[in-house]
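**Student:** Here you go, sequence then predicted model.
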Amino acid sequence: QVQLVESGGGLVQAGGSLRLSCAASGRTFSRYAMGWFRQAPGKEREFVAVISWSGSTVYADSVKGRFTISRDNAKNTLYLQMNSLKAEDTARYYCAASYTITQASGGYNYWGQGTQVTVSS
């Protein structure tokens with residue numbers, strides 16, 4: 001089992017940057033594909049990015065070129081570097097762990113509680 005705790009959210013102006021972190025408990029972090037999702041008020045949870053256990057990445061078109069997902073298996077930590085932030089990036093951001101590399105939220109077995117990102121225009 002994996003427990004996930006996100007941090008790093010906050011209020012930022014449009015065009016600014018934030019770095020989210022997701023600390024994972026357990027000794028098997030490196031075996032999971034790790035993803036970031038986000039959910040804005042009144043909207044469904046949407047895929048942001050995923051990174052495999054070996055470091056391969058996939059991004060949603062809406063964040064490609066602006067966001068970078070990475071992981072440090074030695075520190076059991078997942079990251080999301082967010083640059084050139086836009087108002088439409090405002091959402092609660094969640095990290096999640098999966099046994100497979102997938103963009104579908106239903107494919108994730110473990111979820112954190114989320115961290116709020118608010119981008120002012």
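**Tutor:** Arrived safely, thanks for sending.
**Student:** who's the spatially most central residue of the chain bridged to?
**Tutor:** In the chain, the residue lying closest to the centroid (C-alpha atoms, centre = their mean) is W36, at 2.4 Å. Beta-bridge pairing for W36 (DSSP bridges): A49, C95.
**Student:** Kindly provide the distance from it to S21.
**Tutor:** 11 Å (C-beta to C-beta, to the nearest Å). Backbone N, C-alpha and C define where each C-beta goes, glycine included.
**Student:** Spit out the residues that contact those two alike.
**Tutor:** Listed as contacting both W36 and S21 by C-beta atoms under 8 Å, 6 or more residues apart in numbering are L78.
**Student:** So V58 lies in a strand, does it not?
**Tutor:** Yes: assessed by DSSP: H, G, I helix; E, B strand; the rest coil, V58 belongs to a strand.
**Student:** Got the confidence number for Q1?
**Tutor:** On pLDDT, Q1 comes in at 83.
**Student:** what's the nearest residue to it if we skip its chain neighbours?
**Tutor:** G26 (6.5 Å; C-beta to C-beta, 6 or more residues apart in numbering).
**Student:** The one you found belongs to a helix, doesn't it?
**Tutor:** No: counting by three-state DSSP, G26 is not part of a helix but coil.
**Student:** Name all residues that make contact with it.
**Tutor:** Contacts of G26 (C-beta under 8 Å, 6+ apart): 1-3, 76.
**Student:** Now with 10 Å, please.
**Tutor:** For G26, the contact set (C-beta atoms under 10 Å, 6 or more residues apart in numbering) comprises 1-4, 32, 76, 97, 110.
**Student:** how much space between it and I101?
**Tutor:** The spacing between G26 and I101, counted by C-beta to C-beta, is 19 Å.
**Student:** next one: V12
**Tutor:** The value you get for V12 to I101, if C-beta to C-beta is used, is 29 Å.
**Student:** before we move on, what about C95?
**Tutor:** 15 Å.
**Student:** neighbour-wise, which of these two wins?
**Tutor:** C95 (29 against 18; other C-beta atoms under 10 Å).
**Student:** mind listing what that one touches?
**Tutor:** 4-6, 20-24, 34-37, 48, 69, 77-80, 108, 110-115 are the contacts of C95 under C-beta under 10 Å, 6+ apart.
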